[in-house]
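Novice: Just need the structure, nothing else, for what follows:
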Amino acid sequence: MRLDVRRMLLLAEVAGHGSLTAAAQAMAFTPSAVSQQIAKLESEAGQPLLERHARGVALTPAGEALVRHARRIGRQLGAAAAELDEIAGLRSGELRIGSFPTAGSSLLPLVVRRFAQAHPGIRLVVRSAVLDGLLSMLESREIQLALLWDYDWSRVDDPALALTPLLDDATALIVSDGHPLAHRDAVNMAELSGEDWITRADEHPVADVLARSCHAAGFRPSIAFFAHDYQEAQAMVSIGLGIALAPRLALTNLRSGIKVIALEPSAPTRRILLARLADRRPTPAETAAESLFHEAATALRRSR
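Specialist: Modelled structure (predicted):
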């Protein structure tokens, strides 16, 4: 048995008004059109739903059962429409964002704070992971938006993703404030061949940046320490154990005793990207968040 929901709702209107004619007038239909639709519903149900008499109509037991269900469906449809209106108006719903650690300590907090203030009814869920984990969470739809990064030699190039560049994040040199180069505003990598280096452990991308930069300058780096995060790297640099490379976003929360120096004539630069699945239409919450990401990225660029 397949029942037409619209006809069920029409039956509920007839029951509520007490006659086909009154229901037709209320719904701007003709009485004959209402009668035809009720007849089709009776055919679908396989039994009479209305008993006609001189003063109007009365429901059969089957009709009463259908009207109960129709009214419940009508309430549910109304609730669904109201909830969709809430989501479209950014008054309810959920937004799931993925990020990586350096963006999570710099760009992301600016967006989360502003979004929460503007749209307090939207629940924000944030996940942090490395690049492969973020791509996996996007694919499984565990997250809707993701902050990603790439370098010239290792581009994120997936046709399944819609990528929006937010900002360019240049690599900088960090030294202790007592280092002979601490007074410099810029330095060439070729000048650093005799230095000891602090780098990241576990095949971190900045270790690859260091290896490529040193190779391009004609030397191999002497590694004094393998750090497991940028704060640990900064700590080792601050005590003079070595110098280090780091993307600018990783230096947003700079430790005391550290001097940041630009690399010349150019520095390895990663793109910071906002990604979503290309085959998904963005929700109003995603669109609002994307606008805030652009604003936050602009603010970060101006602050440098």
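Novice: immediately after the longest strand that the chain contains, which helix or strand?
Specialist: Of all segments of type strand in the chain, defined using DSSP state E, the longest is strand 161-176. For strand 161-176, the following helix or strand on the C-terminal side (DSSP states H and E) is strand 186-188.
Novice: Off-centre distance for that following strand?
Specialist: How far strand 186-188 lies from its chain's middle: 37 Å, per CA atoms, centre = their mean, to the nearest Å.
Novice: Show me what the helix or strand just after that strand is in contact with.
Specialist: Downstream of strand 186-188, the next assigned helix or strand under DSSP H and E is strand 196-200. If you take CB atoms under 8 Å, 6 or more residues apart in numbering as the criterion, strand 196-200 is touched by 206-207, 210, 221-228, 230, 233, 236-237, 241-245. From N, CA and C alone the C-beta is placed, and that goes for glycine too.
Novice: how does it look with 7 Å?
Specialist: Identification of contacts with strand 196-200 by CB atoms under 7 Å, 6 or more residues apart in numbering yields 206-207, 210, 221-227, 233, 236-237, 241-244.
Novice: Put the buried members of those residues into a ChimeraX selection.
Specialist: Filtering the contacts of strand 196-200 down to the buried ones (16 or more other CB atoms under 10 Å) takes a single ChimeraX command:
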select :206,207,210,221,224,225,226,227,233,236,237,241,242,243,244
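Novice: Now intersect the contacts of strand 196-200 with the strands, please.
Specialist: Checking those against DSSP E, those in strands are 222-227, 244.
Novice: Not counting residues beside it along the chain, what's closest to residue 295?
Specialist: Distances taken as CB to CB, 6 or more residues apart in numbering put residue 114 closest to residue 295, at 7.6 Å, once the chain neighbours are dropped.
Novice: Please apply the same query to residue 172.
Specialist: Per CB to CB, 6+ apart, closest to residue 172 is residue 260, 5.1 Å.
Novice: ok, that neighbour to residue 92 distance?
Specialist: 43 Å (CB to CB, to the nearest Å).
Novice: just residue 176 next, same as before
Specialist: Residue 176 is 51 Å from residue 92, by CB to CB.
Novice: related to what we said a few turns ago, the residue nearest to residue 172 touches residue 175, doesn't it?
Specialist: No - using CB atoms under 7 Å, residue 260 is not in contact with residue 175; the gap is 8.5 Å.
Novice: Residue 131: neighbour count?
Specialist: Around residue 131 there are 15 other residues, counting by other CB atoms under 10 Å.
Novice: For it, list the residues it contacts.
Specialist: Counting by CB under 7 Å, 6+ apart, residue 131 makes contact with 100, 148.
Novice: run the last query once more with 8 Å
Specialist: Counting by CB under 8 Å, 6+ apart, residue 131 has contacts 100, 148-149, 156.
Novice: Ranking by neighbours, what's the top pick from those residues?
Specialist: Neighbour max across the contacts of residue 131 (other CB under 10 Å) = residue 148, 23 neighbours.
Novice: beta partners for the residue nearest to it when sequence neighbours are not counted?
Specialist: The shortest distance from residue 148 to any non-neighbouring residue, by CB to CB, 6+ apart, is to residue 273 (4.5 Å). Under DSSP bridges, the beta-bridge partners of residue 273 are residue 148, residue 165.
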